[in-house]
Each structure stands twice: as structure tokens, then as C-alpha cells.
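Colleague: only geometry, no sequence info:
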């Protein structure tokens with residue numbers, strides 16, 4: 001009888017415990033999403049701080065400050081090296097948006113954005129080195145990582161000359177920004193973002209009052225950059241906890257169902273985690289293990305390029321300065337990546353050129369591991385450094 005009573009008493013307790021666990025999990029998720037919202041708010045505030053600081057520090061001399069980067073190749077190299085060192089194109093493009101809002105010419109910023117695309121692919125290339133002990137596994141993983149590199153390099157080869165000759169991306173970006181901005185005043189739904197972030201930006205500007213314009217502006221820029229680093233780092237960590245499990249499920253469900261499904265899924269997952277490096281790094285072990293072929297993973301990588309544009313677009317909605325130019329460079333980033341996918345994947349003889357190059361490099365690197373090291377150092381640091389030195393002399 002006592003055993004029956006004990007079981008009867010324990011059953012409701014067990015049910016209550018089972019119910020409480022999901023409630024606690026739901027509460028934890030709510031707090032994490034609130035933290036993500038606050039961090040995103042601070043991100044757009046940080047971009048506003050950079051724009052204000054740049055404007056304060058340079059006054060009307062912004063163009064003169066960037067004379068060294070009037071050469072598009074120098075801008076490309078700056079974007080590549082900065083992103084390779086920081087390992088976050090989202091951070092670099094957000095900083096570029098803030099600088100453009102403060103007076104950096106859009107024409108100078110366009111090659112920097114292209115360079116950020118190249119630099120961001122270093123992360124998944126480094127991840128692939130974890131498979132170096134197994135020859136066949138390393139060949140597959142290194143190929144899967146470097147296909148992103150070759151695609152981005154091919155995009156630059158195609159679009160940088162077009163931009164230099166005709167200003168193609170700058171014109172498209174200007175048109176798209178014109179749909180949302182009149183002069184320097186945001187329209188409709190964008191107004192509330194700028195208004196919401198104004199108190200933080202104004203408070204930051206108030207803290208440097210009394211200093212010289214150069215020192216105060218520099219401190220605002222440094223503070224904004226530090227805040228961008230911190231916010232993107234912690235947003236990434238939180239979103240990985242909240243979404244990476246689902247991201248992996250989406251990848252497994254989408255890869256192999258065709259290129260359109262792969263591109264859309266890559267875009268969606270990257271928007272969720274706000275990091276193309278995370279998305280592309282997730283698929284490297286899948287390729288290394290042989291779970292998916294390179295041609296199956298390739299479209300997913302292209303979608304990651306498009307999804308990463310969300311951070312710059314978000315940042316551009318709340319800037320203190322030239323809102324039209326900030327939104328223009330954010331749309332240029334999006335246009336560049338979308339056109340890259342349409343042109344390279346849409347033209348048959350270009351479609352699998354990155355795949356063939358990546359397969360060749362993967363096989364070569366698996367035979368000689370020093371090739372992999374030389375590739376990483378050469379593409380992301382040595383060659384860009386030499387080009388920057390030569391361009392500054394010329």
C-alpha cells in the first residue's frame with residue numbers, strides 16, 4: 001500500500017519536473033534573444049559612433065586623408081588584410097559603413113568591400129587544416145574550404161574592372177539607396193532606428209566634448225570599433241547557441257536538393273548566425289568526412305556570401321552623417337554578392353571553375369602540406385602586402 005501511495009505521489013512530481021524543464025529552457029531562450037536584441041542595438045550605435053568620430057576628426061578633409069587608397073587595388077588589399085586579421089567580414093563592412101557615413105568616398109570603399117569578401121574565407125580554410133592528418137579527408141576538406149576563396153577571387157576579377165571602367169556597382173547602389181533615402185534623411189521605417197540610437201551616439205559625443213576635434217573624433221572611432229568587435233563576437237556566440245543546431249539540420253536537409261535550395265539555405269543560415277565564416281566552416285567537416293561532395297556544398301557557400309550582407313544593411317539604417325552614402329555602400333555589398341552568384345553560377349563555362357580549381361589545390365595540398373601553408377600565407381597576407389607596397393609607391 002505504501003509503495004502504491006509513493007508511486008501516486010511521485011507521478012505528479014515527475015510530471016511537474018518534466019514540465020518545468022521546457023519552461024526553464026524557454027525562459028533561457030527568451031533571455032538570450034533579448035541579449036541578442038540589445039547587442040544588435042549596440043552594434044548600430046557603434047556604427048553611428050564611427051561615422052560621427054570620422055566626421056569630427058576629419059572635418060572637410062576626409063577625401064585628402066584617403067588619397068593613399070584612391071588606387072582601387074590598395075582599397076582591395078586593405079579590405080582583404082583587415083578581414084583576414086580580424087576574421088570577420090561583418091565587422092569590417094560595418095566599420096566601412098561607419099566610415100562612409102563620416103565622409104569616406106564610396107568609390108574608395110567599394111574595393112574594400114570586395115577585399116572583405118576575400119579575407120573572410122580564411123576562417124574556413126584554417127578550419128580545414130584540422131583534417132591534415134588524413135590525406136584523402138584533408139583533400140576533400142581543403143577543397144571545400146578553398147572553393148569559397150576561388151569564387152570570391154573570380155568575382156573580383158570580373159567586377160573590379162567593370163567598377164573601375166563604368167562604376168557599375170556604385171550606380172546600382174546609388175539607385176537602390178535612393179529608394180529609401182531622400183538627401184540625408186531616412187524614409188519611413190528607417191527613421192525610428194536612427195532616432196532610437198541617437199541617445200547613445202549623442203552621449204558618446206558628449207563624453208569627448210572639450211577635447212580637440214582630432215582627439216575626440218579618434219576616440220569615438222576607436223570606441224565604435226571596439227564596440228563592434230564586442231557586439232559581433234557575443235551576438236555570434238549567442239546565435240550559435242540558439243541556432244547552430246537548427247543550422248546543421250537545415251544544411252543536412254538542403255544540401256543535395258539542388259543549387260537553388262542550397263543557395264537559399266546558405267543565405268538563410270548565414271542571416272541567422274550573422275557570419276559567413278561560421279556557415280562555411282560548418283560544411284568543411286561534412287565535406288572532409290565524405291558526407292557531401294564539393295559540387296553539393298558549393299551552392300551553399302554562395303548563399304553564405306549573400307547572407308552575410310545583413311550586418312552592413314542593418315548598420316546602415318542608423319548612422320550619424322551621410323545616411324544615403326552609408327546605405328549605398330551596404331547595397332553595393334549586397335548587389336556585388338548577388339551579381340557574383342548570378343554571373344558566375346549562371347554562365348556554364350564559369351559555373352564550376354572554382355570547383356575545379358579547388359579540387360586541384362586540395363589534391364596538391366594533400367600531397368605536400370607546405371602547399372597549404374604557402375597558400376594561406378600567400379593569398380591572405382604576403383601577396384596583398386606586396387601589392388599594397390607597390391601601389392603606394394606608384
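Modeller: Looks like it came in fine. In this text, all values refer to a predicted model and were calculated from it rather than measured experimentally.
Colleague: all contacts plus neighbour counts: C-alpha atoms, from now on.
Modeller: Fine.
Colleague: So residue 347 versus residue 366, what's the distance?
Modeller: From residue 347 over to residue 366 the distance is 30 Å, taken as C-alpha to C-alpha, to the nearest Å.
Colleague: Settle it for me: which of those two has more neighbours?
Modeller: Set side by side, residue 347 and residue 366 show more neighbours around residue 366, with 24 against 11, by other C-alpha atoms under 10 Å.
Colleague: buried ones in the helix or strand in which that one is found?
Modeller: Remark: residue 366 resides in helix 353-367, with elements defined by DSSP states H and E. Neighbour-count burial for helix 353-367, with 16 or more other C-alpha atoms under 10 Å as criterion, is recorded at 353-356, 358-359, 361-363, 365-366.
Colleague: again with stretch 377-394
Modeller: Buried, per 16+ other C-alpha under 10 Å, within stretch 377-394: 379-381, 384-385, 388, 391.
Colleague: avg pLDDT for that stretch?
Modeller: Mean pLDDT, computed over stretch 377-394, is 77.
Colleague: Off-centre distance for that stretch?
Modeller: From the chain centre to the centre of stretch 377-394 is a distance of 23 Å (C-alpha atoms, centre = their mean, to the nearest Å).
Colleague: for the record, mean pLDDT for stretch 89-96?
Modeller: Averaging pLDDT along stretch 89-96 yields 79.
Colleague: And stretch 113-126, by the same measure?
Modeller: On average, stretch 113-126 scores 84.
Colleague: which residue sits closest to the residue nearest to the spatial centre of the chain, ignoring its sequence neighbours?
Modeller: Closest residue to the average C-alpha location of the chain: residue 90 at 3.2 Å, with C-alpha atoms, centre = their mean. Of all residues not flanking residue 90 in the chain, residue 311 sits nearest, at 5.9 Å (C-alpha to C-alpha, 6 or more residues apart in numbering).
Colleague: what's the helix or strand for the one you found?
Modeller: Going by DSSP H and E, residue 311 is in helix 310-316.
Colleague: Can you list the buried residues in whichever helix or strand comes after that helix?
Modeller: Remark: after helix 310-316, the chain's next helix or strand is helix 323-346, criterion DSSP H and E. Along helix 323-346, these residues count as buried under the neighbour rule (16+ other C-alpha under 10 Å): 323-341, 344-345.
Colleague: same check, this time on stretch 146-158
Modeller: Neighbour count says stretch 146-158 has 146-156 buried, by 16+ other C-alpha under 10 Å.
Colleague: Go ahead and confirm residue 297 touches residue 144.
Modeller: Yes - the pair residue 297 / residue 144 is scored as a contact, 7.4 Å apart, by C-alpha atoms under 8 Å.
Colleague: Now the common contact residues for those two.
Modeller: 283, 287 (C-alpha atoms under 8 Å, 6 or more residues apart in numbering).
Colleague: what about those two, which has more around it?
Modeller: Neighbour count, other C-alpha under 10 Å: between residue 297 and residue 144, residue 144 has more, with 33 against 27.
Colleague: so that one is in which element?
Modeller: Using DSSP H and E, residue 144 falls within helix 135-166.
Colleague: Show the secondary-structure elements that that helix is packed against.
Modeller: Packing partners of helix 135-166 (3 or more C-alpha pairs under 8 Å, 6 or more residues apart in numbering; DSSP states H and E): helix 106-120, helix 122-128, helix 168-178, helix 276-288, helix 294-307, helix 323-346, helix 353-367.
Colleague: Next, the angle from it to helix 168-178.
Modeller: 80 degrees (axes from the mean of the first three to the mean of the last three C-alpha atoms, to 10 degrees).
Colleague: one step back: report the rounded mean pLDDT for the helix holding residue 311.
Modeller: Helix 310-316 comes out at a mean pLDDT of 81.
Colleague: For that helix, name the packing helices and strands.
Modeller: For helix 310-316, the packing partners by 3+ C-alpha pairs under 8 Å, 6+ apart come out as helix 2-58, helix 89-102, helix 323-346.
Colleague: what's next to that helix, contact-wise?
Modeller: Outside helix 310-316, the residues that touch it by C-alpha under 8 Å, 6+ apart are 43-44, 47, 90, 93-94, 97-98, 271, 274, 323, 326-327, 330-331, 333.
Colleague: Show me which of those is closest to residue 32.
Modeller: residue 274 (15.4 Å; C-alpha to C-alpha).
Colleague: Read off the pLDDT value for that closest one.
Modeller: As predicted, residue 274 sits at a pLDDT of 66.
Colleague: again with the one 3 residues further on
Modeller: pLDDT, the model's per-residue confidence, is 71 for residue 277.
Colleague: from memory it sits against residue 126, does it?
Modeller: No - using C-alpha under 8 Å, residue 277 makes no contact with residue 126, being 10.6 Å away.
Colleague: More neighbours: these two, which one.
Modeller: Neighbour count, other C-alpha under 10 Å: between residue 277 and residue 126, residue 277 has more, with 25 against 16.
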